[in-house]
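**Student:** Okay, sequence plus prediction incoming.
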Amino acid sequence: MEIVQKRPVLLVIGIAVGLVIGLLFGWVIWPAEFTGAGPQHLHPRDQANLFYNLADVYAFDNNRDRIEETLGRWEEADEAICDLAQRTQDQASVARLIALAAVLNASGCPGLVAPVAPTTEEPAEETGGRGWLLTCLLGLLLLALIGAIFILLNRKQRTVGGRYDEGYDNPPDVTALSTGGSEQQAIPIARFQTSYSRGHDVYDDSFSIENANGDFLGECGVGISESIGADGPKNVTALEIWLFDKNDIRTVTKVIMSDHAFFDEAIKAKLAPKGEPILARLNETIVLETASLIINAEIKEMEYGVGNLPPQSFFDHFAVELSAWAKEGDFGEPDVQGRIDELNF
């Protein structure tokens, strides 16, 4: 201690030498190695990307071994997937995440309700206490109620509980549909109509498919797949039509592309993982088939937008009618055209 007090420089030199030796051994001679890390050690953002990618790939190839090999050692993986599904707004992604969780725990995400877009309620105007103003407000409320009842009745005439409406005159009980080169006995159960117009940047329409007894069979829908250009509103160059079947672990998706996007190899390659590319044509019927359901999607209206972008590159208006059919008998895995059999993950 006397030497240190008399020569404090020795203390500084000793500390410096100790740091050098420690760094030399810790980083050069015997550096620390970290092993055994798994998906559970990833950042939550990276975990979410991993789950989304696994769910998309599994929806195409139905390879359970890949999922179990990637997540099988993580006991809480299904809980993390269900938590992500609870926070996801896109219903197609929610369905794929539930299917991914079902591979790990055989039950998916019990009690999970698909996200519904929040509604915004207008704040009620303050009344000044005058009788005439209160009367006017009550009259407006009554008119709004009558209008809402009219809209609900109109919708009920088109589709009631997902079943065919009165617009079909004596629909056949069983119809033979030609799918994949063979005839499939199927029952018409629902018809839905949806349309997109430029400026609807959050367009994502979905419908629940039920049988005559009100039993849930699956879901289908149409949403934005890709847009081009930087101007607002979005210049939608491709939309996607999807079908989820509770009896088929896969979700079938087909991408309806504008003329420009379909013949642009870069855009086509970017959208290839989402589903089979289809060139948009008026009155074209696109068929989506799963184990127990068939969707015929007919393009009823289609108009391209005009602007500084290439011609026929984005839609100004797009309307499609979805007709749902339920197969009869045992459900076998269909041979869906455009299905990706092998994906290297």
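**Tutor:** Nice, I can see it.
**Student:** where do the helices sit along this structure?
**Tutor:** Taking DSSP state H as the test, the helices found in the chain are 2-6, 8-24, 44-61, 64-71, 77-87, 91-105, 131-158, 259-262, 265-271.
**Student:** In terms of mean pLDDT, which of the ones you listed ranks lowest?
**Tutor:** Note on those: lowest mean pLDDT is at helix 2-6, with a mean of 56.
**Student:** Low-confidence regions, the stretch 101-250 of the chain specifically.
**Tutor:** 113-131, 152-186 (pLDDT under 70).
**Student:** taking the helices of the chain together, which one is wrapped up most tightly?
**Tutor:** helix 91-105 (a mean of 23; mean count of other CB atoms under 10 Å). Heads up, the C-betas are built off the backbone N, CA and C, glycines and all.
**Student:** Quick check, residue 47 in contact with residue 80.
**Tutor:** Yes: counting by CB atoms under 8 Å, residue 80 is a contact partner of residue 47 at 6.5 Å.
**Student:** any residues in contact with both of these two?
**Tutor:** Taking CB atoms under 8 Å, 6 or more residues apart in numbering as the contact rule, residue 47 and residue 80 both touch residue 40.
**Student:** just to revisit the earlier point, closest one to residue 196 among the helices of the chain?
**Tutor:** helix 259-262 (15.0 Å; CB to CB).
**Student:** neighbouring contacts of the closest one?
**Tutor:** 226, 228, 237-238, 267-268, 271, 277, 279-280, 304, 309-314.
**Student:** List only buried entries from those residues.
**Tutor:** 226, 228, 237-238, 267, 271, 277, 280, 304, 309, 312-314 (16 or more other CB atoms under 10 Å).
**Student:** Just the ones in strands from these, please.
**Tutor:** 226, 228, 237, 238, 277, 304 (DSSP state E).
**Student:** Restrict stretch 315-333 to CA atoms and write it as CSV.
**Tutor:** Presented in CSV, the C-alpha positions along stretch 315-333 are these (Å, rounded to 0.1, in the frame of the first residue of the first chain):
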residue,chain,number,x,y,z
PHE,A,315,-57.6,-0.2,-61.3
ASP,A,316,-60.1,2.7,-61.0
HIS,A,317,-63.0,0.4,-60.3
PHE,A,318,-63.3,-3.4,-59.8
ALA,A,319,-66.3,-5.5,-58.9
VAL,A,320,-66.5,-9.3,-58.4
GLU,A,321,-69.2,-11.8,-57.5
LEU,A,322,-68.2,-14.7,-55.3
SER,A,323,-70.4,-17.9,-55.5
ALA,A,324,-69.7,-20.5,-52.9
TRP,A,325,-70.3,-24.2,-53.3
ALA,A,326,-70.0,-27.0,-50.7
LYS,A,327,-68.8,-30.4,-51.9
GLU,A,328,-70.7,-33.6,-51.0
GLY,A,329,-69.2,-36.7,-49.5
ASP,A,330,-65.7,-37.3,-48.2
PHE,A,331,-63.3,-34.4,-48.5
GLY,A,332,-60.1,-35.3,-50.3
GLU,A,333,-57.2,-32.9,-50.9
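**Student:** For the closest residue to residue 227 other than its chain neighbours, what are phi and psi?
**Tutor:** Leaving aside its chain neighbours, residue 227 sits nearest to residue 234 (4.1 Å; criterion: CB to CB, 6 or more residues apart in numbering). Main-chain dihedrals, residue 234, degrees, to the nearest 10: phi -60, psi 140.
**Student:** okay, among the buried ones among the contacts of helix 259-262, which ones form the most distant pair?
**Tutor:** 277 and 309 (19.4 Å).
**Student:** And the spatially closest residue to residue 291 that is not a sequence neighbour, how close does it get to residue 94?
**Tutor:** Using CB to CB, 6+ apart and skipping the chain neighbours, the partner closest in space to residue 291 is residue 248 (3.7 Å). Residue 248 sits at a distance of 16 Å from residue 94 (criterion: CB to CB, to the nearest Å).
**Student:** Tell me who's in contact with the closest residue to residue 40 other than its chain neighbours.
**Tutor:** Nearest non-adjacent residue to residue 40, counting by CB to CB, 6+ apart: residue 74, 4.7 Å away. By CB under 8 Å, 6+ apart, the contact set of residue 74 is 38, 39, 40, 80.
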